[in-house]
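1. what shape does this take:
(one chain, ligands or ions: 2)
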Amino acid sequence: MHAPALDHYRFTRGTPKEQQAYAAELIQALKAHSFVKIVNHGLDDPTIEALFTRMQQFFALPRHRQQEVEHLASDNPQRGWSAVGVEQTSGLYSRETGRPVDELKDAKEHYDIGPPDDTQFQNQWLNNDVLPGWQSFMEDYWYKCQDVALSVISVIEMGLNVPQGTIQDLCHPAASEVRLNHYPAIHASEISDGSTARIWPHTDFGIITLLLTDDVGGLEFEESHKSGKFLPIPQGAKNELIINVADTLERWTNGTLKAGMHRVMQPVSTHLGEKTLIQERWSVPYLFKARRDALVGALPEFVTPQVPSAYDSITALDFQLRRQHQVYSNAQLAGQ
Ligand SMILES: O=C(O)CCC(=O)C(=O)O
Ligand SMILES: [Fe+2]
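-> Ligands and ions are numbered 1, 2, ... in the order given. As a prediction, the model looks like this:
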């Protein structure tokens with residue numbers, strides 16, 4: 001489970017033979033665990049340092065500034081700031097527990113950034129004089145992540161033995177998002193009594209997710225598909241990028257790759273005394289998504305008469321709206 005990170009240079013700088021071997025290992029890891037860690041992916045250390053510094057600047061602003069770019073609950077893709085607890089990831093999960101969503105709280109605030117040139121669901125930005133250079137840094141980071149994601153998708157296409165471009169061609173125009181997650185410090189007892197999670201078990205909606213985290217810990221992946229058993233992911237070097245399979249790739253591959261169920265709880269190192277305060281935590285997923293009019297049923301390459309498509313063929317946007325709907329209560333969606 002705790003396999004060392006794979007070296008992405010084996011693809012970007014490797015011989016065809018090295019590329020094939022790397023692709024086979026990556027697919028094997030994704031089949032076994034639904035996630036894999038990679039290094040030498042193209043996001044350099046100074047960029048990662050600056051990303052965490054920049055995101056912290058936004059969350060340190062006075063509340064009224066954050067409210068200027070607040071995302072209002074709707075089924076649409078999120079843009080801008082969502083306050084702690086507004087997004088209820090328990091809605092993606094409560095069906096399994098049978099407990100009402102409102103009893104299961106999320107202890108996270110976040111900021112979402114869609115494609116810089118998105119005209120359908122536009123980004124929300126503060127004036128440049130509030131956080132000089134912030135918007136252009138984040139737009140730049142969004143493009144850098146897109147490059148990494150496309151490169152990883154090339155590897156996945158190779159490892160799955162489908163023609164290059166099979167998946168990549170379904171990703172333009174882009175609909176992907178950078179999400180800046182802030183988990184404020186929280187009493188361990190709030191998590192251990194089962195009422196709150198930093199983020200409840202869920203799968204991501206897109207194709208793959210590229211995830212960077214700080215070293216606080218707490219991220220857990222389901223050990224194997226539908227096992228219900230979660231294993232903590234030890235934090236490696238800060239530049240390790242976690243790649244996980246998300247819903248759309250599971251659907252396109254007709255279940256050959258399964259979306260990785262994950263959550264964020266207290267770090268394993270935490271002594272769970274009543275009064276223990278778990279330190280704040282930061283993470284940045286890049287949610288790599290299909291173009292909005294692409295169909296997200298199984299691709300023909302993964303369907304046979306014996307193995308028909310197990311997924312309904314709706315558009316990526318409809319799928320997004322369906323999943324997004326689950327993270328808000330009806331009252332929120334009615335604007336109350
Ligand atoms: O914070 C993390 O490590 C994971 C975040 C996550 O799963 C998400 O934002 O979808
Ligand atoms: Fe996630």
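
2. what does the protein have sitting close to ligand 1?
-> Counting by C-beta under 6 Å from any ligand atom, the positions of the chain adjacent to ligand 1 are 179, 181, 199, 204, 211, 213, 219, 262, 264, 283, 285. Heads up, the C-betas are built off the backbone N, CA and C, glycines and all.

3. where's the dip in pLDDT among those?
-> For those, the model is least confident at residue 199; its pLDDT is 90.

4. not counting sequence-adjacent ones, nearest residue to it?
-> residue 264 (4.5 Å; C-beta to C-beta, 6 or more residues apart in numbering).

5. low-scoring stretches of the stretch 1-150 of the chain, by residue?
-> Low-confidence regions of the stretch 1-150 of the chain, defined by pLDDT under 70, span residues 1-2, 94-98.

6. can you name the residue of it nearest to ligand 1?
-> Ranked by C-beta to the nearest ligand atom, the top residue of the stretch 1-150 of the chain for proximity to ligand 1 is residue 110, at 6.9 Å.

7. check which helix or strand that residue maps to.
-> Secondary structure assigned from DSSP states H and E places residue 110 in strand 109-113.

8. just residue 56 next, same as before
-> According to DSSP H and E, residue 56 maps onto helix 45-59.

9. at which residues are the helices of the stretch 151-300 of the chain located?
-> With DSSP state H, counting those that start in this stretch, the ranges of helices along the stretch 151-300 of the chain come out as 188-192, 247-252.

10. between these, which gets the lowest average pLDDT?
-> Mean pLDDT per stretch puts helix 188-192 lowest among the helices of the stretch 151-300 of the chain, at a mean of 85.

11. for that helix, packing partners?
-> strand 277-278 (3 or more C-beta pairs under 8 Å, 6 or more residues apart in numbering; DSSP states H and E).

12. give me the contacts around the helix holding residue 56.
-> Contact partners of helix 45-59, identified using C-beta atoms under 8 Å, 6 or more residues apart in numbering, comprise 66, 81, 109, 111, 131, 134, 137-138, 141, 144, 180, 182, 212, 214, 238-239, 282, 284.

13. can you select the buried ones among these for me in ChimeraX?
-> Only the buried entries of the contacts of helix 45-59 go into this ChimeraX selection, using 16 or more other C-beta atoms under 10 Å:
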select :66,81,109,111,131,134,137,138,141,144,180,182,212,239,282,284
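
14. quick one: which of the contacts of helix 45-59 sit in strands?
-> Secondary structure from DSSP state E places 81, 109, 111, 180, 182, 212, 282, 284 of those in strands.

15. distance check, residue 318 against residue 290.
-> When C-beta to C-beta, to the nearest Å is applied, the distance between residue 318 and residue 290 equals 11 Å.

16. give me the neighbour count for the residue in the chain that ligand 1 sits nearest to.
-> In the chain, the residue found nearest to ligand 1 is residue 283; the distance is 3.2 Å by C-beta to the nearest ligand atom. For residue 283, the neighbour count with other C-beta atoms under 10 Å is 24.

17. repeat for the one 3 residues further on
-> The local packing count at residue 286 equals 26, with neighbours defined by other C-beta under 10 Å.

18. contacting residues for it?
-> With the criterion set at C-beta under 8 Å, 6+ apart, residue 286 makes contact with 142, 145, 146, 148, 149, 176, 177, 178, 179, 209, 210, 211.

19. which of those count as buried?
-> Burial by neighbour count, 16+ other C-beta under 10 Å: within the contacts of residue 286 this picks out 142, 145, 146, 148, 149, 176, 177, 178, 179, 209, 210, 211.
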